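Q: Need coordinates for the following:
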Amino acid sequence: MPSRELPPPPPPAHLREWLDETVVRADRARHLAELSRRGLGPGRLAQLWAVGAAFALGWAFVGLAATSFETGDALEYLYGVIYAATGLGVLVPAGIWSVRGARRERREHELLCGWVEAGRDPVAEPALRAPVRSLVWLGASLALGACGLWVAFAAAAGARPGGATYGELVCFVGLGMILWITGLLGVAKAATHHRWAARAFRPAPAAARRRPVLSDVAG
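A: Numbers count the residues shown, from 1 in each chain. Have a look, this model is predicted:
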């Protein structure tokens, strides 16, 4: 399956009763593994950090622009306009990228929930809980968020009259907040996946685990 192509949705419940259970189970296991790899894999973590890096780069240009505007020099003012335009040119695509990524993640989660509800497979389901990947996301995101908070608070606490300029303060505090928000998003994703897995793979009641047979439908 191409990397940008999503798995198909599960067949409707009234059709699954007539399909070969082995085929449905194989499709379910394959598509769930693919969706789980996409949603909580290292590639998605790298994508989140890449978006954060794009926002950080754009904000760095904004900080340079603010520093240039403070000087009052005509040439520096021209540089400030160039820096501001460059920062805007980076921030706008980064925002569009993040919105598209959020929409794609929502669609992947809908497909994941749909295939989970399509049946039960006690052998394959434990791997979908992905405890190791969740811990990797949690640990890396906590470290990134802590680094961002340190940068932001250190820049704010170290500001002194006649020391760092207003533009530099805006730049470093903004960069720290971008790192903190990026880490916070990663922590939220790991926690959301953990809660979802706890609910989705909860043992079903005995009556719900009984698959309808042809005699039940005929009766």
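Q: Spatially nearest residue to Tyr79 (excluding sequence neighbours)?
A: Closest residue to Tyr79 apart from its sequence neighbours, by CB to CB, 6 or more residues apart in numbering: Ser68 at 4.8 Å. No exception for glycine: its C-beta is placed from N, CA and C like everyone else's.
Q: what separates the one you found from Glu105, distance-wise?
A: 38 Å (CB to CB, to the nearest Å).
Q: Looking only at neighbour counts, state which of these two leads.
A: Comparing Ser68 with Glu105 by other CB atoms under 10 Å, the one with more neighbours is Ser68, at 21 against 16.
Q: can you give me the helices in the protein?
A: Along the chain, the stretches classed as helices by DSSP state H are 13-16, 21-40, 42-71, 74-116, 125-128, 131-157, 166-200, 206-209, 214-218.
Q: angle of the longest one against helix 42-71?
A: What it means is helix 74-116. Interaxial angle, helix 74-116 versus helix 42-71 (axes from the mean of the first three to the mean of the last three CA atoms, to 10 degrees): 160 degrees.
Q: Which strands or helices does helix 74-116 pack on?
A: helix 21-40, helix 42-71 (3 or more CB pairs under 8 Å, 6 or more residues apart in numbering; DSSP states H and E).
Q: which secondary element of the protein has the worst mean pLDDT?
A: helix 214-218 (a mean of 39; mean pLDDT, DSSP states H and E).
Q: which stretches of the chain have low pLDDT?
A: The chain contains residues with pLDDT under 70 at 1-4, 13-21, 23, 72, 118-127, 159-165, 200-219.
Q: before we move on, the earlier item: now distance to Pro7 too, for the helices of the chain, in a markdown table please.
A: Below are these laid out as a markdown table (distance: least, CB to CB, whole Å):
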| stretch | distance to Pro7 |
| --- | --- |
| helix 13-16 | 16 |
| helix 21-40 | 4 |
| helix 42-71 | 16 |
| helix 74-116 | 6 |
| helix 125-128 | 14 |
| helix 131-157 | 19 |
| helix 166-200 | 17 |
| helix 206-209 | 25 |
| helix 214-218 | 28 |
